[in-house]
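# no FASTA, just this:
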């Protein structure tokens, strides 16, 4: 009888990051220049635990980890960010290493075990920017019919007169030859659009934009959450912006960033991410410590606030991203807590919460999914201990399986057949893992590693000899 080591990965080794300059990545710090995205800082004397052992999810194996081509003229490589798939092509965003400007990388997955990089776009459009998020969907409007890509654009330095933030729109009907269509700019004062979502609403195409700190930097002239009509991608038009003061519990106790919440704590509030259901009827906005805020989007010029998730007094909010399950009756909320020893809160990295949202005015917490990573905090960790290793990041759902990207934890698969009792069923942890995003297609699971780029996971169909990474 074979021993099944598939789920019994253990911490058995240490991953040490090289000394780097502070990298702005997450989300709730203030300094003399204003709001920055987090300052996760690495030092060569800070050892970070890495998951070792199985590189597999149940019934999946690593089929490919292609070397990503260097596309910059200076010969330097960028780091990588999120990943999306559409019609057999992978779209990989890029992060800030070596000054950003990495654009979006396109890989042909016709042979998933041998992906071919076929194009790069958005890398030379706006200097001093980076391009984390890309969404690609088929669009059919009076002005455009084809495959449309929207790409988030964030400034490395908002004081750079040559840069600007917002999102780009590209025609990728022919993925080998992407064509630029338009650009939507958020207020110059902010860093730009961090995450976004593209949805069709009848014959209308909408982009939902998460532009963190726009409210704060512009003193309310622009907001963190915008609904933009891109039916004509060459002329994107802002339809509506969300003022958090319209939420009853917030009111005037909000200065564009901090909120004096009812639990007596001063909490950060900004829009990190947003998704919609398949028909563009409802928007789910990850507003950090305000929770996941739900809107009726059926009239995109006048969305209606419905409700939001709430947190226990000892929980850092950190509502980072969301996904839907069970016919859109279940909401998955991931919380990116990268400072697990923050004063006044539980000692824990970020974990996942699952809600019943059949009544969208009153989300009901069903369960919290935690792993061995959640409380794996070194005894001698400083109060501001912050690493890539142990917080959950992004969620994706396929059927009754939830896939979570977990930085150095790789990808974790969770059975949510019963959302009240989520159960881990497998992990995939590549070498020197730093997994930013995960995407689920009917034929494969994609992961994006910040250091090495795309990973392709395929079904092994019971063939234990398919890869030496399969342990059963």
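Now that the structure is in, tell me what you want to look at. Quick caveat: nothing in here was measured; it's all calculated off a predicted structure.
# center of the chain - which residue?
residue 394 (4.8 Å; C-alpha atoms, centre = their mean).
# pretty sure that one is touching residue 321, no?
Yes - using C-beta atoms under 8 Å, residue 394 is in contact with residue 321, at 4.9 Å. In short, each C-beta sits where N, CA and C put it, glycine included.
# Now for those two: what residues contact both?
By C-beta atoms under 8 Å, 6 or more residues apart in numbering, residue 394 and residue 321 have these common neighbours: residue 334.
# In this protein, mark out all the helices, start to finish.
Per DSSP state H, the chain carries helices over the ranges 214-218.
# Where does the prediction get shaky in it?
1-56, 387-388, 461-472 (pLDDT under 70).
# Determine the longest strand present in it.
strand 145-155 (DSSP state E).
# Can you point out the buried residues in that strand?
147-155 (16 or more other C-beta atoms under 10 Å).
# which among these gets closest to residue 296?
residue 150 (22.5 Å; C-beta to C-beta).
# In contact with the closest one, which residues?
134-136, 167-170, 196, 198, 207, 230.
# if you set the cut-off to 7 Å instead, what comes out?
135, 167, 169, 196, 198, 207 (C-beta atoms under 7 Å, 6 or more residues apart in numbering).
# From those, pick the one nearest residue 78.
residue 167 (18.5 Å).
# who wins for most neighbours among the contacts of residue 150?
residue 167 (32 neighbours; other C-beta atoms under 10 Å).
# now it, which residues is it bridged with?
Beta-bridge pairing for residue 167 (DSSP bridges): residue 152, residue 184.
# Residue 314: neighbouring residues, count only.
12.
# Spatially nearest residue to it (excluding sequence neighbours)?
residue 346 (4.7 Å; C-beta to C-beta, 6 or more residues apart in numbering).
# quick one: contacts for residue 343?
Residue 343 touches residue 383, counting by C-beta under 7 Å, 6+ apart.
# what residues are up against the nearest residue to residue 105 once chain neighbours are set aside?
Using C-beta to C-beta, 6+ apart and skipping the chain neighbours, the partner closest in space to residue 105 is residue 92 (4.5 Å). By C-beta under 7 Å, 6+ apart, the residues touching residue 92 are 80, 83, 104-105, 107, 448, 453-454.
# would you turn those residues into a markdown table with neighbour count and distance to residue 367?
Listed next are the contacts of residue 92 as a markdown table, based on neighbours: other C-beta atoms under 10 Å; distance: C-beta to C-beta, whole Å:
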| residue | neighbour count | distance to residue 367 |
| --- | --- | --- |
| 80 | 26 | 31 |
| 83 | 27 | 27 |
| 104 | 28 | 35 |
| 105 | 27 | 36 |
| 107 | 27 | 36 |
| 448 | 28 | 27 |
| 453 | 25 | 33 |
| 454 | 23 | 32 |
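# Out of these, which comes closest to residue 240?
Looking across the contacts of residue 92 and measuring by C-beta to C-beta, the closest to residue 240 is residue 104, at 27.1 Å.
# The closest one pairs with what?
Residues in beta-bridge contact with residue 104 (DSSP bridges): residue 121.
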